[in-house]
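Colleague: Sequence plus predicted model, see below.
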Amino acid sequence: MLTRKTQYALKALTHLANTPPGGPISIATLAERGKIPLKFLQLILRELRQKGVLQSQKGPGGGYSLAQPAETLRLSTLLELLEGPLGPLPCLIQGTCEPCDGCADQETCALRSTFHKSQQAALAVLHHQTLADLARTTAAHPVRKASTGRYAI
């Protein structure tokens, strides 16, 4: 499940990707468009700038813009930047090979085998989807209040 931080980050990035080139967008504008708390968004955007996803411009007319084209920003990369290593089980988080509590043998573990297949399928989808794809989908389906009372990206 994505954290609220990641949901807000993707919402803000999508708005930036759908904005015509010509200058940065203010934090206040992004917060209003995405219905995102301003203080929380400030922290999120600062982190994305530090990680090279965004660039910022200070002063009047300043704000944030994408540091690279939306077509080059893969969703898998963005999720890993925001959430850390992705994996449904500790033993499936890339680079750790940490065994699960109580696991006697990773090679014969049915949970590991099953979740490894689902993880690979999900990562393949996320690796082939970019911020531009997400932005196009969002542009085709404008934000509207859902029956749950929540807002879509």
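Modeller: Done, it's in.
Colleague: Could you check how far the residue sitting furthest away from the middle of the chain is from Leu82?
Modeller: Ranking residues of the chain by C-alpha distance from their mean position (Cα atoms, centre = their mean) puts Ala104 at the top, at 34.6 Å. Distance check for Ala104 against Leu82: by Cβ to Cβ, to the nearest Å, it reads 34 Å. Placement of C-beta: from N, CA and C, glycine included.
Colleague: and what of Gln55?
Modeller: 18 Å.
Colleague: Looking at those two, which one has more neighbours?
Modeller: Between Gln55 and Leu82, counted using other Cβ atoms under 10 Å, the more crowded position is Leu82 (21 against 13).
Colleague: Can you classify that one as helix, strand or coil?
Modeller: At Leu82, secondary structure determined by DSSP: H, G, I helix; E, B strand; the rest coil is helix.
Colleague: Between the two ends of stretch 83-92, how far is it?
Modeller: Start-to-end span of stretch 83-92 (Cα to Cα, to the nearest Å) is 15 Å.
Colleague: what are the ranges of the strands in the chain?
Modeller: For the chain, applying DSSP state E gives strands covering 54-57, 63-66.
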